[in-house]
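A.B. asks: Fold the following.
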Amino acid sequence: QAVPAGSHVRLNLQTGEREAKLPASENGKSDTREERRRKRLGKVDVDSNSFTSQELKEALAKMKESEKAERKAHEEEVKKKFRPIEQLKEEFEKLNVKMETDYEIMVKLIGKFNSSASTLDEKVAALYDLEYYVHQV
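C.D. replies: Alright, predicted model coming up:
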């Protein structure tokens, strides 16, 4: 016969019977491992048969919604700390500073390398600079 988890089991050699004893808890009643786990988890019914597939789907949907809300809150927090690149470009234009992306710089360096008007030293310098930018990519 099956006995609850956490029980003390022994074989009585005089009678040949197997005996099981539940461990005593502090309140005098015996608690199985499953009962202790349920107490630890509170009023949550953790039986695998107690949840329907619909309840599990709803719980998963709620988890996804809360995750989306947390992600949005984090994005809003980041947006408060930083400004968009377009706004930065406008501010740099007002200061007469042209901001170029790595891609734009690489295109210029390739143009300088392919140009027949460039000297050998300019082409070598363009290749060294290109190597730096390509290495970052």
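
A.B. asks: Just after the lowest-mean-pLDDT helix or strand in the chain, pick out the following helix or strand.
C.D. replies: Ranked by mean pLDDT, DSSP states H and E, the weakest helix or strand in the chain is helix 33-41, scoring a mean of 60. Using DSSP states H and E, the helix or strand that follows helix 33-41 towards the C-terminus is helix 53-81.

A.B. asks: and the following helix or strand past that next one, C-alpha only, in PDB?
C.D. replies: Note on helix 53-81: by DSSP H and E, the next helix or strand toward the C-terminus is helix 85-94. This file holds the C-alpha atoms of helix 85-94, laid out as PDB (Å, rounded to 0.1, in the frame of the first residue of the first chain):
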ATOM      1  CA  ILE A  85      19.200  61.100 -32.400                       C
ATOM      2  CA  GLU A  86      17.100  63.500 -34.600                       C
ATOM      3  CA  GLN A  87      16.900  66.000 -31.800                       C
ATOM      4  CA  LEU A  88      20.600  65.800 -31.200                       C
ATOM      5  CA  LYS A  89      21.300  66.300 -34.900                       C
ATOM      6  CA  GLU A  90      19.100  69.400 -34.900                       C
ATOM      7  CA  GLU A  91      21.000  70.800 -31.800                       C
ATOM      8  CA  PHE A  92      24.400  70.100 -33.400                       C
ATOM      9  CA  GLU A  93      23.300  71.800 -36.600                       C
ATOM     10  CA  LYS A  94      22.400  74.900 -34.600                       C
END
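
A.B. asks: now helix 85-94: how far from the chain's centre is it?
C.D. replies: 33 Å (C-alpha atoms, centre = their mean, to the nearest Å).

A.B. asks: list the buried ones in the helix or strand just after it?
C.D. replies: Going down the chain from helix 85-94, the next helix or strand is helix 102-114, by DSSP H and E. Residues of helix 102-114 classed as buried: Met106, Leu109, Lys112, Phe113 (neighbour count, 16 or more other C-beta atoms under 10 Å). Yep, even glycine has a C-beta here, placed from its N, CA and C like the rest.
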